[in-house]
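Colleague: what would the 3D arrangement of this be:
(2 chains)
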There are 2 protein chains.
Amino acid sequence: MLDKARELDAADPLANFRDRFDVPEGVIYLDGNSLGCLPKATPGRLEQVVREEWGRDLIRSWNTAGWIDLPTKVGAKIAPLIGAKGHEVIVTDSVSVNLFKLISAALALRPGRKVVLSEPGNFPTDLYMIEGLERQGLAERRLAERGSLRDALDEDVALLLLTHAHYKTGELFDMAALTKAAHDAGALVLWDLSHSGGAMPVDLNACEADFAVGCGYKYLNGGPGAPAYAFVAERHIAETRQPLTGWMGHAAPFAFSDDYEAAPGVERLLCGTPGILGLAALEVGVDLAAEIGVDRLYEKSKALSEFFHACLTARGVSLELVSPADPDVRGSQLSFRHSEAYAICQALIARGVIGDFRDPDILRFGFAPSYLRFEDMAEAARHVAEVLESGEWQREEFRERAAVT
Amino acid sequence: MLDKARELDAADPLANFRDRFDVPEGVIYLDGNSLGCLPKATPGRLEQVVREEWGRDLIRSWNTAGWIDLPTKVGAKIAPLIGAKGHEVIVTDSVSVNLFKLISAALALRPGRKVVLSEPGNFPTDLYMIEGLERQGLAERRLAERGSLRDALDEDVALLLLTHAHYKTGELFDMAALTKAAHDAGALVLWDLSHSGGAMPVDLNACEADFAVGCGYKYLNGGPGAPAYAFVAERHIAETRQPLTGWMGHAAPFAFSDDYEAAPGVERLLCGTPGILGLAALEVGVDLAAEIGVDRLYEKSKALSEFFHACLTARGVSLELVSPADPDVRGSQLSFRHSEAYAICQALIARGVIGDFRDPDILRFGFAPSYLRFEDMAEAARHVAEVLESGEWQREEFRERAAVT
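Modeller: Numbering: from 1, shown residues only, chains lettered A, B, ... in the order given. This next block holds a predicted model:
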């Protein structure tokens, strides 16, 4: 399959973008959906922010370097990647914190309804943030399996909160259909784009989505713990009230008034002082994703994952696929179930093939098409086959659980 | 006064620490209480985090570089600066977000009481975060002037929320006395240390404080929008419930369970994935503050501000002082009232003397003793005198308000 891989690489219109990333020698990185690779432009940009903007210009940089506008500026750059208008998106805080804001905002927009509906097995933080509001007495968490979500959408549901691409399996929800179903039931919808935004075309406005959040450190390559983004549909902005009413979300933060007045725009989602280092690094990653374009990224990602799967099959590897077999209904990843997934994952990492493990038995491979080659797919499949055939994953060293798995 | 200043500098035991900061040529920086200067070690540390930990080691750095432990590790380093035990402090999110968590936690610990008491003119975000909870129906905001706070502490008060050193005037609250008064009334206390932590000795545990928050980008020199810290007294940790129950605050984040269970320790204040760039930069600043020591910092800060004031007086400058005249009851700053404070501040900045303006009429000078010299005080006083005498602040260019003032 290596010859075929090289042919595909030679014909790949995105092949040159690999050079824009610092992909470590000897590593096949199939974990860009956990932490994206470092864009080569990022260290220089950070050096400038640190030495010139912070070190030399100090406090003046809030104005002169435009720090104060970074949350809206980077948000506006993310907007076209997710089918939003520039003034509907802002970069701030973490996905978790933004979930809290937007779940709260949705509940306030649907007085008399307290249920927030989601699915069991959604990414934990999404479920936990509903619980946080439940413990405050403000929400009621309801979970229904994928097939039963529509039935669970009754007149008590204020908000449907779903992750577009499932973090474990990559399975996609039909965003348009579920948004419509929720609206038909009088509920609002909040989409978590953490595992789809920046990896595939998302069209929030075409689907008439109400709210969305998404992650900066996966497909947007913003760096470890990069700030997150949040989307509010234009029609809701003026009515969106969220409880984390910090000074940066005020209509006039530097008037230092005792009383809160929400900023007229999506800036009302801001809370404390934005972290400039994280924002600056994220901007570099977003610029790159925008330059490549999400349509091309998704096309290549599907081709990569299909080719990887074909290489596994050609090598006689049979692992239980838990992702949808149809690449059009999954995100940029393939996940397999194996009772020894943790040890296999560690054995692969020892060979330089970095995928990841998701408790209890999932082996997950992510395909970040900006820096992966088809050759990497053929090689990764060879390593998977060798690890399984050799049984080297049975070594003691591969069974010791690290703090972060 | 310049000769006297040079004498004082020659005798200053902290004089050498100036070389550990990148203080720009031609600038007298009296705004370290808004954004601290860049420690010289920070760019190198960030370069390592970016190129090696992120770029080369990628996702593995959560374990191998100890990223997952940074919030508790940096928190434990801040603890001795504020009179806390290592396991009582964590670095996470912003001051604003942490206020929301801890106000909520206090309300949950005092069922039947809804009032959160503060003073008018407190830093706006502190007041706004109470309002956020008020709008959720969970809190009731009560404001009382400094002299009336004790009288306002009745059986409805769940929490007294005060900023230790006032952001405008620098006036200090008597932390021990007010904490005791609140406890006597059955209320808890949350101290905002943003304008005192890292600049002067603070002894939370000796005062029996319940909760505290503080800022990373002022006296701790953590960089623009650095993450903030939060303190929970050991006796409260197990009972502290806060609503921003994100996955990083879970007892077992990587078990990916559907149901939230708070981490046993102060990690329960964590919410989303921590921003590693901000944490790494903050750690450098905290290490420096710890190396110098807050007692020495405060001694020098008082000497600097007294000398600055003496220099102003010697030059015949008479500005209305709004800070306490006694350096023992103020933070590391001096503030003056002038109806043209904004323009005067701009004229001083044009001369390289960076102080700051606080709406509507406050001219604020901060004294960050790790990198300021007595000579800077004499020179700054000369510039203030010249700007006032010359009337150069009346130029049109100094009246145009920037976005961030």
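Colleague: show me what the closest residue to A:R268 other than its chain neighbours is bridged to.
Modeller: Nearest residue to A:R268, sequence neighbours excluded (C-beta to C-beta, 6 or more residues apart in numbering or on different chains): A:A262, at 4.1 Å. From N, CA and C alone the C-beta is placed, and that goes for glycine too. Beta-bridge pairing of A:A262 under DSSP bridges involves A:H250.
Colleague: next, count neighbours for A:A262.
Modeller: Per other C-beta atoms under 10 Å in any protein chain shown, the neighbour tally for A:A262 reads 18.
Colleague: same question for A:V189.
Modeller: Neighbours of A:V189 (other C-beta under 10 Å): 25.
Colleague: can you pull the phi/psi pair for it?
Modeller: Note on A:V189: backbone dihedrals following degrees, to the nearest 10 are phi -130, psi 140.
Colleague: for whichever residue of the stretch 1-150 of chain A sits closest to chain B, give me its contacts.
Modeller: At 2.5 Å from chain B, A:S94 is the closest residue in the stretch 1-150 of chain A, using C-beta to the nearest C-beta. With contact taken as C-beta atoms under 8 Å, 6 or more residues apart in numbering or on different chains, A:S94 is in contact with A:G225, A:P227, A:A228, B:D93, B:G246, B:C271, B:G272, B:T273, B:G275.
Colleague: how does it look with 10 Å?
Modeller: A:S94 sits next to A:100, A:125, A:213, A:215-217, A:225-228, B:92-93, B:97, B:244, B:246-248, B:270-275 when contact means C-beta atoms under 10 Å, 6 or more residues apart in numbering or on different chains.
Colleague: lowest confidence element among the helices and strands of chain A?
Modeller: Each helix and strand of chain A was given a mean pLDDT (mean pLDDT, DSSP states H and E); the minimum falls on strand A:356-358 at a mean of 93.
Colleague: quick one: it to chain centroid distance?
Modeller: On the basis of C-alpha atoms, centre = their mean, to the nearest Å, strand A:356-358 sits 16 Å off its chain's mean C-alpha point.
Colleague: who does it pair up with?
Modeller: strand A:362-366 (antiparallel).
Colleague: select the longest helix from chain A.
Modeller: Ordering each helix of chain A by length in residues (DSSP state H) puts helix A:294-314 first.
Colleague: sorry, back to before: can you tell me what sits against the least confident helix or strand of chain A?
Modeller: A:30-31, A:33-35, A:167-169, A:333, A:335, A:338, A:341-346, A:348-349, A:362-366, A:401-402, A:404-405, B:59, B:254, B:256.
Colleague: related to what we said a few turns ago, so what pLDDT did the residue nearest to A:R268 get?
Modeller: Listed pLDDT for A:A262 reads 98.
Colleague: my guess is it contacts A:P253. True?
Modeller: No. Contact criterion C-beta atoms under 10 Å: A:A262 and A:P253 do not qualify, at 11.4 Å.
Colleague: joint contacts of the two?
Modeller: With C-beta under 10 Å, 6+ apart as the test, A:A262 and A:P253 both reach B:Y128.
Colleague: please see if stretch A:279-287 touches chain B.
Modeller: Yes. Using C-beta under 10 Å from any C-beta of the partner chain, we find that stretch A:279-287 touches chain B at A:L279, A:A280, A:A281, A:L282.
Colleague: what mean pLDDT does that stretch have?
Modeller: Rounded mean pLDDT across stretch A:279-287 is 98.
Colleague: could you pull up the residues touching the residue in the stretch 251-400 of chain A that chain B sits nearest to?
Modeller: Relative to chain B, the nearest point of the stretch 251-400 of chain A is A:G272 (2.5 Å; C-beta to the nearest C-beta). A:G272 sits next to A:92-93, A:97, A:244, A:246-249, B:93-100, B:125, B:129, B:215, B:225, B:227-228 when contact means C-beta under 10 Å, 6+ apart.
Colleague: for A:A289, same thing?
Modeller: A:36, A:39, A:77-78, A:81, A:197-199, A:219-222, A:297, A:370.
Colleague: I'd like these laid out as CSV, including secondary structure, distance to A:L321 and pLDDT.
Modeller: Conversion of the contacts of A:A289 to CSV gives the following (DSSP: H, G, I helix; E, B strand; the rest coil; distance: C-beta to C-beta, whole Å; pLDDT from 0 to 100):
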residue, secondary structure, distance to A:L321, pLDDT
A:G36, coil, 24, 97
A:P39, strand, 31, 98
A:K77, helix, 35, 98
A:I78, helix, 31, 98
A:L81, helix, 28, 98
A:G197, strand, 24, 97
A:G198, coil, 24, 96
A:A199, coil, 19, 95
A:Y219, coil, 22, 96
A:L220, coil, 27, 98
A:N221, coil, 27, 98
A:G222, coil, 30, 98
A:L297, helix, 22, 96
A:S370, coil, 25, 95
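Colleague: could you list which of those also contact chain B?
Modeller: A:G36, A:P39, A:N221, A:G222.
Colleague: pretty sure the second one is touching A:A226, no?
Modeller: Looking back up the chat, that one is A:P39. No. If you go by C-beta under 10 Å, A:P39 and A:A226 don't touch, sitting 11.8 Å apart.
Colleague: low-confidence ranges, chain A, go.
Modeller: Within chain A, not a single segment meets pLDDT under 70.
Colleague: need the next SSE after the longest strand anywhere in chain A, C-terminal direction.
Modeller: Across chain A, the longest stretch assigned as strand under DSSP state E is strand A:157-163. Next along the chain after strand A:157-163, taking DSSP states H and E as the criterion, comes helix A:175-184.
Colleague: what angle sits between that next one and strand A:157-163?
Modeller: 170 degrees (axes from the mean of the first three to the mean of the last three C-alpha atoms, to 10 degrees).
Colleague: now helix A:175-184: buried residues?
Modeller: Neighbour-count burial for helix A:175-184 flags A:M175, A:L178, A:T179, A:A181, A:A182, A:H183 (criterion: 16 or more other C-beta atoms under 10 Å in any protein chain shown).
Colleague: let me have the residues you listed in JSON lines, extended by distance to chain B.
Modeller: Formatted as JSON lines, these follow (distance: C-beta to the nearest C-beta, whole Å):
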{"residue": "A:M175", "distance to chain B": "23"}
{"residue": "A:L178", "distance to chain B": "20"}
{"residue": "A:T179", "distance to chain B": "24"}
{"residue": "A:A181", "distance to chain B": "23"}
{"residue": "A:A182", "distance to chain B": "21"}
{"residue": "A:H183", "distance to chain B": "25"}
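Colleague: B:E379: which of those is nearest?
Modeller: A:M175 (61.5 Å; C-beta to C-beta).
Colleague: could you find the closest non-adjacent residue to that closest one?
Modeller: Nearest to A:M175 is A:C207, by C-beta to C-beta, 6+ apart, at 4.6 Å.
Colleague: is the residue of the stretch 301-405 of chain A found nearest chain B in a helix, a strand, or coil?
Modeller: Nearest to chain B, among the residues of the stretch 301-405 of chain A, is A:V404, at 4.0 Å (C-beta to the nearest C-beta). State at A:V404, reduced to three classes by DSSP: H, G, I helix; E, B strand; the rest coil: coil.
Colleague: which residues touch A:G170?
Modeller: Taking C-beta under 10 Å, 6+ apart, one finds A:33, A:195-196, A:199, A:305, A:322-324, A:327, A:329-335, A:364-367 in contact with A:G170.
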